[in-house]
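Trainee: any chance you could fold what I've pasted below:
(2 chains)
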Number of protein chains: 2
Amino acid sequence: MTSTPARRPTTAPGGGASRHSAPPSRLDPEIAARLKRSPDGLLPAIAQQYDTGEVLMLGWMDDEALHRTLTTGRCTYWSRSRQEYWVKGDTSGHVQRVKSVALDCDADTVLVKVDQVGAACHTGDRTCFDADVLAVADAPAEDQ
Amino acid sequence: MTSTPARRPTTAPGGGASRHSAPPSRLDPEIAARLKRSPDGLLPAIAQQYDTGEVLMLGWMDDEALHRTLTTGRCTYWSRSRQEYWVKGDTSGHVQRVKSVALDCDADTVLVKVDQVGAACHTGDRTCFDADVLAVADAPAEDQ
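Mentor: Numbers count the residues shown, from 1 in each chain, chains lettered A, B, ... in the order given. Prediction:
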């Protein structure tokens, strides 16, 4: 018997290193068609506290993580180091409840406005940008 | 004879596609040593309006773009499409005056608080996230 023609695998999440080049995802195809992903199939996703405006953290989403973020009410990211999905707060309890999601003008970045429970940062800081502020030189006088 | 240990080339800016793997930069070596860059030598850089908290856009910085952002008072990015530095506002007049710069807890993302003149987006919108808001499903009742 001959094998049937190759089709895109519909492997389960975590099904292999190449999955981001042909991501099996339930994301709305109209949205998926517009996304401009990095070579590894991801988009940077900025999480912002919806009422105070604090930038909390930056994570990464593939199509399926974006789908889950849009449909479950909880921010879901793709961990580049662990190569798996993670729902923010599942371990720490510091969940991010999704208020709104927008793409940027190039459809290559996601902005998620959330209600962050507790600390966004694994260090215990409210945001991931609290601890490492760099010195900025005074701007030239003519540019003030 | 054995060869001497390989050393990173110190090519001039624009010296080739591999330059971001060994960026020649004036960035403080202490900062450079901590950065965790993408495979193409870049970090995502979030620009946020310093007083209103608006997330304006996301650009990309290599070491030298970060150095220029820290020392010139103006946001400088690396254009992945044009493969060159661009100083925000040099063409449009919509400059970003740097108020503060922070790295995140992993030193792989930059947050720049700026004073944005006019529109941040090339479309004329105030931010790059104004035009493409995605539909979010109602969260499950038990997660409210």
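
Trainee: can you give me the strands for chain A?
Mentor: In chain A, the strands defined using DSSP state E lie at A:43-49, A:55-61, A:76-79, A:84-87, A:96-103, A:110-116, A:132-134.

Trainee: reformat those as JSON lines; add mean neighbour count, distance to residue B:70 and mean pLDDT.
Mentor: (Glycine included, C-beta is placed from N, CA and C.) Formatted as JSON lines, the strands of chain A follow (neighbours: other CB atoms under 10 Å in any protein chain shown; distance: least, CB to CB, whole Å; pLDDT from 0 to 100):
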{"stretch": "strand A:43-49", "mean neighbour count": "23", "distance to residue B:70": "21", "mean pLDDT": "98"}
{"stretch": "strand A:55-61", "mean neighbour count": "24", "distance to residue B:70": "18", "mean pLDDT": "98"}
{"stretch": "strand A:76-79", "mean neighbour count": "22", "distance to residue B:70": "28", "mean pLDDT": "97"}
{"stretch": "strand A:84-87", "mean neighbour count": "15", "distance to residue B:70": "32", "mean pLDDT": "96"}
{"stretch": "strand A:96-103", "mean neighbour count": "21", "distance to residue B:70": "29", "mean pLDDT": "98"}
{"stretch": "strand A:110-116", "mean neighbour count": "23", "distance to residue B:70": "25", "mean pLDDT": "98"}
{"stretch": "strand A:132-134", "mean neighbour count": "15", "distance to residue B:70": "6", "mean pLDDT": "97"}
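
Trainee: of all those, which one comes closest to residue B:105?
Mentor: Comparison of these against residue B:105 by CB to CB identifies strand A:132-134 as nearest, at 7.2 Å.

Trainee: picking up where we left off before, TSV for the strands of chain A, including distance to chain B?
Mentor: Below are the strands of chain A laid out as TSV (distance: least, CB to the nearest CB, whole Å):
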stretch	distance to chain B
strand A:43-49	5
strand A:55-61	4
strand A:76-79	12
strand A:84-87	11
strand A:96-103	4
strand A:110-116	4
strand A:132-134	4
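
Trainee: redo the ones you listed as CSV? Include distance to residue B:87.
Mentor: Output for those, formatted as CSV (distance: least, CB to CB, whole Å):
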stretch, distance to residue B:87
strand A:43-49, 22
strand A:55-61, 22
strand A:76-79, 32
strand A:84-87, 36
strand A:96-103, 25
strand A:110-116, 24
strand A:132-134, 18
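
Trainee: so for residue A:27, which of those strands sits nearest?
Mentor: strand A:55-61 (9.9 Å).

Trainee: does the helix ranked longest in chain A reach chain B?
Mentor: With residue count as the measure and DSSP state H as the assignment, chain A has helix A:63-72 as its longest helix. Yes - against chain B, helix A:63-72 shows contacts by CB under 8 Å from any CB of the partner chain at A:70, A:71, A:72.

Trainee: top of these by neighbour count?
Mentor: residue A:70 (21 neighbours; other CB atoms under 10 Å in any protein chain shown).

Trainee: need the residues of helix A:63-72 next to chain B in TSV (columns: distance to residue B:31 and pLDDT).
Mentor: Shown next, in TSV, are the residues of helix A:63-72 next to chain B (distance: CB to CB, whole Å; pLDDT from 0 to 100):
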residue	distance to residue B:31	pLDDT
A:70	36	98
A:71	40	97
A:72	38	97
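
Trainee: now flag whichever of the residues you listed is closest to residue A:97.
Mentor: Taking CB to CB as the measure, residue A:97 sits nearest to residue A:72 out of those, at 10.2 Å.
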